[in-house]
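Asks: for reference, the sequence and a predicted model appear below.
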Amino acid sequence: MLTGCLFNNGAGVKILGDTSDLISLHRTVHKVTMLIVDYELEDTEVSTLLVDFLECLEKAYTGVALREEKIIHKNRVVCYGLEISWIELLMVSNLLRYLADYVVTDELDEINMRLLEYITRKTIATVSEEEYQIISNYLGKRFSYVNIKQFIKSFSCNVQNLRKRSVYGNLNCLMAIVDIKHDEKH
């Protein structure tokens, strides 16, 4: 099972698990990302976020990224994982949930998305439950679009700023990073 914890003074989340869990999550994210490919929107920021996350997952389950040994029930176990900024994880998790409504998913995909949401909520909320709720609600409102293709085209975030965050921000900071252009027709 995948687990998560904060690292780097609360700036990021470390996700660890065995290779099968990471491969399973990779398949789910890949399935949702194919929606972007189907709409020929590979050059969008939604695509960048999800493809970057896919690459992190691939590095994790191939052992290129994090590798930690743990003792579980007197057995030595090797866990593989990735590190990601908490804002990026929150956005990826929310994007997956939103875009999954437009993709045929199965029970395992649902479990993977719920587990990722759980890891996101539990790790981020350890610092500030209230801030987590405010940001999640903000993202949820910003993601409410009628036309999925227009949503993907209009979504804008500064991915570099997501990765440079060194401390927990606030809603104003997130609003500066994430923008969905509502002046276009949707």
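Replies: Great, that's in hand. Just so you know, these numbers come straight off a predicted model, no measurement behind them.

Asks: can you count the residues close to the residue lying closest to L2 once chain neighbours are set aside?
Replies: Nearest residue to L2, sequence neighbours excluded (CB to CB, 6 or more residues apart in numbering): G17, at 3.9 Å. Where you see a C-beta, it was placed from the backbone N, CA and C, and this is true even at glycine. Look at G17: counted by other CB atoms under 10 Å, it has 22 neighbours.

Asks: K149: what secondary structure?
Replies: Applying DSSP: H, G, I helix; E, B strand; the rest coil to K149 yields a three-state assignment of helix.

Asks: that one against Y39, yeah?
Replies: Yes: between K149 and Y39 there is a contact at 5.2 Å, judged by CB atoms under 8 Å.

Asks: returning to what we had before: and the residue nearest to L2, how far from Y80?
Replies: 7 Å (CB to CB, to the nearest Å).

Asks: got it, and Y118?
Replies: With distances taken as CB to CB, Y118 is found 19 Å from Y80.

Asks: more neighbours: those two, which one.
Replies: Each of Y118 and Y80 has its neighbours counted (other CB under 10 Å); Y80 has more, 22 against 13.

Asks: beta partners for the more buried one?
Replies: Counting by DSSP bridges, Y80 is bridged to G17, R67.

Asks: wasn't I71 part of a strand?
Replies: Yes: membership of I71 in a strand is supported by three-state DSSP.

Asks: spit out the contact partners of it.
Replies: V77 (CB atoms under 8 Å, 6 or more residues apart in numbering).

Asks: tell me where the model's unsure across this structure.
Replies: 127-128, 138-146, 156-186 (pLDDT under 70).

Asks: try it again with 80
Replies: For the chain, applying pLDDT under 80 flags the ranges 6, 8-11, 39, 72, 124-186.

Asks: what about M34, neighbour count?
Replies: By other CB under 10 Å, neighbour count at M34 equals 11.

Asks: ignore the last one, L108
Replies: Neighbours of L108 (other CB under 10 Å): 12.

Asks: packing partners of the strand or helix carrying it?
Replies: L108 is part of helix 107-125 when elements are defined by DSSP states H and E. Helices and strands touching helix 107-125, as assessed by 3 or more CB pairs under 8 Å, 6 or more residues apart in numbering; DSSP states H and E, comprise strand 3-7, strand 12-17, helix 19-38, helix 86-100, helix 129-142.

Asks: would CSV of the ones you listed with distance to L66 be doable?
Replies: CSV is the format used below for the helices and strands packed on helix 107-125 (distance: least, CB to CB, whole Å):
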stretch, distance to L66
strand 3-7, 10
strand 12-17, 7
helix 19-38, 10
helix 86-100, 15
helix 129-142, 24
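
Asks: relative to E107, which of these is closest?
Replies: Between E107 and these, the tightest spacing by CB to CB is seen for helix 19-38, at 11.0 Å.
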